[in-house]
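**Student:** here you go, sequence then predicted model.
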Amino acid sequence: MAHVTSIQYEPVAEIGGGAYGTVYKARDTESGKFVALKSVRVPTDQNGLPVSTVREVALLRRLEQFDHPNVVRLMDVCATQRSNQETKVTLVFEHVDQDLKTYLERTPAPGLSPDCIKDLMRQLLCGLAFLHSNRVMHRDLKPENILVTSQGQVKLADFGLARIYSCHMALTPVVVTLWYRPPEVLLQSTYATPVDIWSTGCIFAEMFRRKPLFCGESEVDQLGKIFEVIGLPPEEEWPTDVTLSRKNFSPLMPRPITDFVAEINEQGAELLLKMLTFDPLKRISALNALEHSYFQDEETLTQTKS
Amino acid sequence: MSNVQLSCSALERLVARRTFPLHRRTSVCRNLFGPVDHEELNREMKVKMREISERDQQRWNFNFEANTPLVGDYEWEEVPVDKTPVFYQDSVQNGRTRVPATPTKQMSTSDSVLPETPRLDVLERLAVPESSSGPCPVEVNQENRTDKLNSGRPTHRTVPCVRRKRTTTTDNNTHITDFFVKRKRPADRKSNDMGACHVSKSPIPVEQTPRKRIR
């Protein structure tokens, strides 16, 4: 396989000393474990690394000490100054072979079993509850940055230093998906940890559908797609600090969620709706979601079985 | 009382930071340790940086500066980005934004992403008998196995606050702790913060989009 890759991908040019379009991955010959490097190039000035970056690194390292099973392991952080304007921060992560996106794509026809979905969801929420209880929000949760090991273990990735600041996204040429964004972010209102629960809801639905729930092409389009499912929220729930008025959207009634997520059971549908709640303050929290009857019923089931 | 002292010294530090090294020191900023030899400091910092870099390089047998693998315990290989999760892709911190450094196909396309001819590793994965619960690949996988798997068995959400300290010891030596009940060690703060999220109904640490803090 190594042969194939080296033939298929000849290094064409090196940009700034880094190989382009490749990822460095290594096997620890002692433990047999795999690691991968992820570099973040950070602009610096005479004061060195921006305080925000230092803070992010400190936070990532602190989180790492908890060794949470549903968060990707960060083994080291190595900084090298490349020029007066730029420092390269290399994060050494454990390597996981696939993310939830490829996992779902590779799932054969009937799709994931309800038990498998429940298990993935429980792990996802565990990881999220851990981040939230440490005052970290992910902000860009999507199938691409949820890693799934060959053993079916879920590991959240791409938060902290690696997180994306949505409000500046419009300034960059890169297309970033809006599909998992909650209404408050789309409306550019203030937001907090409930953003991740919205994204989790979208992902929950996608596990059944094997295709995304809301595929908007712009912020307004995304909101429109959301309201087609959950209905247009009442005026009193519309945030006051936003420029986009509620009048821009046609008055829609909520439709049954099972119209969009057919295979979901009753408790699952109830939990999904609590996640896809327009008002972030009314949206369920990660910890409360773990307490939801959707998860409880399996626990009692396995207890009676054993 | 301790609060007042804290904020005072914090203020002083702030002032010191603002005035250093560009402005003259004000009376608030006292020179306690003599003049700073900036050149020497700079030199020392460079030496320290080098030491750290060398340690990193040795630990991972990887030259981070030149971005090249070295010989050692880690067997490095270069993998094309589309064969690893997008997450491992390099990125550039652009202001407060992070963008992928590599212009690969982005996640904008919908369900049409599956390639017509599955690549080698996909085939390898698919060649394996599937279990009922979806894709459960295989030995080809190059990733780490953790023993403390969080899957399969019903977890009891033990996880969010792993390191919570318990202060139940108070029962044993009441007469001693009586004197100290009101003292809070700063080290306890972390555990308190995390404990709080179990108690409060909505553990929502509110954060606003642009975080403005005093530097």
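**Tutor:** Perfect, thanks for sending it. Residues are numbered from 1 along each chain as shown, chains lettered A, B, ... in the order given.
**Student:** how about A:Leu104, nearest residue that isn't a chain neighbour?
**Tutor:** The shortest distance from A:Leu104 to any non-neighbouring residue, by CB to CB, 6 or more residues apart in numbering or on different chains, is to A:Arg210 (5.6 Å). Heads up, the C-betas are built off the backbone N, CA and C, glycines and all.
**Student:** now the nearest residue to A:Phe295 once chain neighbours are set aside: which helix or strand?
**Tutor:** Spatially, and ignoring its direct neighbours in sequence, A:Phe295 is nearest to A:Arg122 (5.7 Å; CB to CB, 6+ apart). Here A:Arg122, judged by DSSP states H and E, is contained in helix A:114-133.
**Student:** point out where chain A drops to low pLDDT.
**Tutor:** Where chain A drops to pLDDT under 70, the residues are A:1-20, A:160-176, A:297-306.
**Student:** go with 90
**Tutor:** Along chain A, segments meeting pLDDT under 90 span A:1-23, A:38-60, A:80-89, A:108-110, A:134-140, A:158-177, A:188-192, A:241-243, A:296-306.
**Student:** okay, now the domains of it?
**Tutor:** Annotated domains of chain A cover A:8-94, A:100-299 [automatic domain parsing].
**Student:** give me the contacts around the very next helix or strand once past the helix holding A:Arg122.
**Tutor:** The first helix or strand that comes after helix A:114-133 along the chain, using DSSP H and E, is strand A:146-148. Residues from elsewhere that reach strand A:146-148 (CB atoms under 8 Å, 6 or more residues apart in numbering or on different chains): A:72, A:96, A:98-100, A:103, A:120, A:124, A:154-157, A:203, B:85, B:87.
**Student:** tell me the one of those residues nearest A:Arg41?
**Tutor:** Comparing the contacts of strand A:146-148 against A:Arg41 with CB to CB places B:Phe87 closest, at 16.4 Å.
**Student:** tally of neighbours for B:Leu32?
**Tutor:** Neighbourhood size, B:Leu32 [other CB atoms under 10 Å in any protein chain shown]: 5.
**Student:** what's the answer for A:Asp115, then?
**Tutor:** Count around A:Asp115 with other CB under 10 Å applied: 14.
**Student:** likewise for the one 4 residues further on?
**Tutor:** The burial metric for A:Asp119, expressed as a neighbour count using other CB under 10 Å, is 24.
**Student:** same question for A:Gly268.
**Tutor:** Neighbour count for A:Gly268, taken as other CB under 10 Å: 26.
**Student:** how close does it get to A:Asn47?
**Tutor:** Per CB to CB, to the nearest Å, A:Gly268 is found 51 Å from A:Asn47.
**Student:** ok, B:Glu39 next?
**Tutor:** When distance is defined by CB to CB, B:Glu39 is 18 Å away from A:Asn47.
**Student:** do the host helix or strand of A:Leu60 and chain B meet?
**Tutor:** According to DSSP H and E, A:Leu60 maps onto helix A:51-64. Yes. Helix A:51-64 lies within reach of chain B by CB under 8 Å from any CB of the partner chain, at A:51-53.
**Student:** just the C-alpha atoms of stretch A:98-116, please, in PDB.
**Tutor:** Extracted in PDB, the C-alpha atoms of stretch A:98-116 (Å, rounded to 0.1, in the frame of the first residue of the first chain):
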ATOM      1  CA  GLN A  98     -11.900   7.000   9.800                       C
ATOM      2  CA  ASP A  99     -14.400   9.600  10.700                       C
ATOM      3  CA  LEU A 100     -18.100   9.300  11.100                       C
ATOM      4  CA  LYS A 101     -18.600  10.600   7.500                       C
ATOM      5  CA  THR A 102     -16.700   7.800   5.900                       C
ATOM      6  CA  TYR A 103     -18.100   5.400   8.500                       C
ATOM      7  CA  LEU A 104     -21.700   6.300   7.400                       C
ATOM      8  CA  GLU A 105     -20.700   6.200   3.700                       C
ATOM      9  CA  ARG A 106     -19.200   2.700   4.100                       C
ATOM     10  CA  THR A 107     -22.300   1.300   5.800                       C
ATOM     11  CA  PRO A 108     -24.000  -1.200   3.600                       C
ATOM     12  CA  ALA A 109     -27.500  -0.700   2.400                       C
ATOM     13  CA  PRO A 110     -29.900  -1.200   5.300                       C
ATOM     14  CA  GLY A 111     -27.900   1.300   7.300                       C
ATOM     15  CA  LEU A 112     -26.800   1.300  10.900                       C
ATOM     16  CA  SER A 113     -28.800  -0.800  13.400                       C
ATOM     17  CA  PRO A 114     -30.800   1.100  16.000                       C
ATOM     18  CA  ASP A 115     -28.500  -0.300  18.700                       C
ATOM     19  CA  CYS A 116     -25.400   0.800  16.900                       C
END
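**Student:** from the chain's centroid, how far away is it?
**Tutor:** 17 Å (CA atoms, centre = their mean, to the nearest Å).
**Student:** how about that stretch: buried residues?
**Tutor:** For stretch A:98-116, the neighbour count (16 or more other CB atoms under 10 Å in any protein chain shown) marks A:98-107, A:111-112, A:114, A:116 as buried.
**Student:** now do the longest helix along chain B: everything it contacts.
**Tutor:** For chain B, the helix reaching the highest residue count under DSSP state H is reported as helix B:38-60. Outside helix B:38-60, the residues that touch it by CB under 8 Å, 6+ apart are A:26, A:35, A:76, A:78-81, A:92, B:21, B:62-65, B:70, B:72, B:74.
**Student:** and the gap between the residue nearest to A:Leu104 and A:Lys101?
**Tutor:** Here A:Arg210 is placed at a distance of 11 Å from A:Lys101 (CB to CB).
**Student:** before we move on, what about A:Thr193?
**Tutor:** Relative to A:Lys101, A:Thr193 is positioned 23 Å away (criterion: CB to CB).
**Student:** swap in A:Lys33?
**Tutor:** Between A:Lys33 and A:Lys101 the computed distance is 23 Å (CB to CB).
**Student:** and A:Gln65, by the same measure?
**Tutor:** A:Gln65 is 29 Å from A:Lys101, where distance means CB to CB.
**Student:** now do A:Trp179
**Tutor:** Taken as CB to CB, the span from A:Trp179 to A:Lys101 is 12 Å.
**Student:** low-confidence ranges in chain B?
**Tutor:** Low-confidence segments of chain B, defined by pLDDT under 90: B:1-36, B:46, B:49, B:66-67, B:79-84, B:86-215.
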